[in-house]
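In: Quick one, structure for this:
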Amino acid sequence: MKQELRLPPRLRAGDVVAVATPSGPSRTPGRLARGVAALRELGFEVVVGPMARTADPAERGVEARAAELNGFINDPTVRAVFVGIGGHLSNATLPHLDFAALRERPKVICGYSDITAILLGCYAQAQVVTFHGPTLLPELGEFPMVLPYTAERLWSVVGRSRPAGRLVAPDAWTDEFHAWDVDDNRAREMRPSGGWSWLSGGRGSGPLVGGNLETISALAGTPYLPDFTDAVVFLETAGANIDEIERLLTHLEMIGVFTTAAAVLFGRPFRAAEGCPERLRALLRRTLGTRLPVVADVDLGHTDPMLTLPIGVHATVDADARTLELTDAAVG
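Out: Presented below is the predicted three-dimensional model:
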């Protein structure tokens, strides 16, 4: 019998939050320091795990990375875990994580991209709400500060024990690349948003479940991929190869992700070549839009600013009214 969904307590000023690095190493100390400062400016006490400053592969084995995260899960003083950055290695930690302890004492766990493996694994194994949202270096460590939309959307979900309500697109966005070690002292150029792309009509409601397209595909056949029944499925990718995206969508179709989906949200293309956004929208219309509401160009992935989407929390997509709403609280 499926267990009841557990909500972590809401975050308050003065809470202790931790920085874990279960995937790629931080590598840029200045960016790390600015992300930590951003959390402190929000009123939190910050504990940085040892993996954040460890780049040597010999010291970053799966046991060490899992032990860092388990330490924070089992620490009763830590109320949230923000991940430093993504990468490719999160899925290896899953067999080592203490899901029983997380279910007994839920806490906010936030990240995206490769961290999708941990978010979905914790949701599937501990039935705890997790948060697809900003990581420390790319978003919270933004120069000169975290983008207001990113901060507001995060706080509206993890800091208030009531439904976040209607979500709207930001006025502007960016995917401009800065090499943090040599070019991290100017704000990135923003471009007008144009809003989200509502590709098909209809209305769907269900729990939000999703994340990075490649990472979800890599979890297929494991106990860490959750049930997508009646879900509002959200997907994003750092890739811009349409053939690869279609290949991965076909894989998710084959394993039943879209069989009973209530709606699909797809993230804004990241550093896409000319014509890629249009081709992606056409692909989504052709493969999914004839059956259920589909919204593209949603600010939920590698572009900035970004939404924070609570995995397991109910959302309603009304494509006819062009509204996306979180209808339940994500924290207690």
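In: tell me the centre residue of the chain?
Out: For the chain, the residue nearest the mean C-alpha position is His132 (2.3 Å; CA atoms, centre = their mean).
In: how far away is the residue lying closest to Phe270 once chain neighbours are set aside from Ser26?
Out: Take Phe270 and drop its neighbours on the chain: the residue closest to it by CB to CB, 6 or more residues apart in numbering is His302, 4.0 Å away. Glycine gets a C-beta too; all of them are placed from N, C-alpha and C. For His302, the distance to Ser26 equals 18 Å [CB to CB, to the nearest Å].
In: residue boundaries of the helices in this structure?
Out: Using DSSP state H, the helices of the chain run over residues 29-41, 62-74, 99-104, 116-126, 148-158, 213-218, 242-254, 276-287.
In: between these, which gets nearest to Ala20?
Out: Nearest to Ala20, of all the helices of the chain, is helix 62-74, at 5.0 Å by CB to CB.
In: contacting residues around the closest one?
Out: Residues from elsewhere that reach helix 62-74, judged by CB atoms under 8 Å, 6 or more residues apart in numbering: 18, 20-23, 47, 49-51, 54, 78, 81, 89, 92-93, 96-98, 101-102, 105, 107, 118.
In: Grab the CA positions of that helix and hand them over as CSV.
Out: C-alpha atoms of helix 62-74 as CSV (Å, rounded to 0.1, in the frame of the first residue of the first chain):
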residue,chain,number,x,y,z
VAL,A,62,30.3,7.4,-4.2
GLU,A,63,30.6,6.4,-0.6
ALA,A,64,32.0,9.8,0.4
ARG,A,65,29.3,11.7,-1.5
ALA,A,66,26.5,9.6,-0.1
ALA,A,67,27.9,9.9,3.4
GLU,A,68,27.9,13.7,3.2
LEU,A,69,24.2,13.7,2.1
ASN,A,70,23.3,11.1,4.7
GLY,A,71,25.0,13.1,7.4
PHE,A,72,22.7,16.1,6.6
ILE,A,73,19.6,13.9,6.3
ASN,A,74,20.3,12.5,9.8
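In: Name the residues of it that are buried.
Out: Buried residues in helix 62-74, counted by 16 or more other CB atoms under 10 Å: 62, 64-66, 68-73.
In: try stretch 4-21
Out: Those buried within stretch 4-21 under the rule 16+ other CB under 10 Å are 5-11, 15, 17-21.
In: for stretch 212-225, same thing?
Out: Counting neighbours by 16+ other CB under 10 Å, stretch 212-225 gives 212-219, 224-225 as buried.
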